[in-house]
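Asker: Provided below for reference: sequence and predicted model.
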Amino acid sequence: MKGTQRPGYIRRSALTCCKTESRSLWLIGDTSGEYAGEITSLEEKFAYSRKISSEEAAEGYVLVLKSKLSFFPPLGKTFQMIHDGKQRRVRVESYRCTCRGPDLPHEHYFIRWKGLRSGDKLEIREDAEKLGRYFIRVRA
């Protein structure tokens, strides 16, 4: 439904809570008031979390889902990531891929991060105090 007006959706701000029969949905609208997507909690808006795959661990990166690119600074722009009090400068990078076949080329997005193990649970949060700074927490 991206880019279409959602029936019954009244835009009061970029983020609006709508109750449904089964759950609350946070609707994301752009400045024109068009429906741009939904998240099921504010937690999804202000944090990025994932379980590290064996490939991510072996290659030293964290996959960034396309739907979460807007959580991070623009592609290629350097930003600070803090882990256990230590600061690193990182950036979201991309590479072209044809893993879905040559007729469906696309991009994969990632942040280089060494020392992860398969199965680690990762959470990245933006620092509310300083723009462009993020905290990363890794749990086994």
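Answerer: Yep, it's here. Residues are numbered from 1 along each chain as shown.

Asker: Who is Lys89 paired with across the strands?
Answerer: In this structure residue 89 is Arg, not Lys. Gln80 (DSSP bridges).

Asker: oh, and call the first residue 110 from now on, that's how I've got it
Answerer: Taking 110 as the first residue, the last one we looked at is Arg198.

Asker: phi, psi of Ala166?
Answerer: When quoted as degrees, to the nearest 10, the phi and psi of Ala166 stand at phi -60, psi -50.

Asker: and the closest residue to Pro214 other than its chain neighbours, how many neighbours?
Answerer: Among residues not flanking Pro214 along the chain, Thr207 sits closest, at 5.3 Å (CB to CB, 6 or more residues apart in numbering). C-beta here means a position set from N, CA and C on the backbone, and glycine is covered the same way. The number of residues packed near Thr207 is 10, by other CB atoms under 10 Å.

Asker: can you list the domains in this protein?
Answerer: Annotated domains of the chain cover 110-149, 155-248 [automatic domain parsing].

Asker: The first one - what's its average pLDDT?
Answerer: Which is domain 110-149. Taken as a whole, domain 110-149 has an average pLDDT of 39.

Asker: mind listing the helices for the chain?
Answerer: Remark: helices assigned in the chain by DSSP state H are 151-155, 163-168.

Asker: in stretch 208-216, what counts as buried?
Answerer: For stretch 208-216, burial by neighbour count (16 or more other CB atoms under 10 Å) applies to no residue.

Asker: From Arg221, how far off is the residue nearest to Pro214?
Answerer: 22 Å (CB to CB, to the nearest Å).
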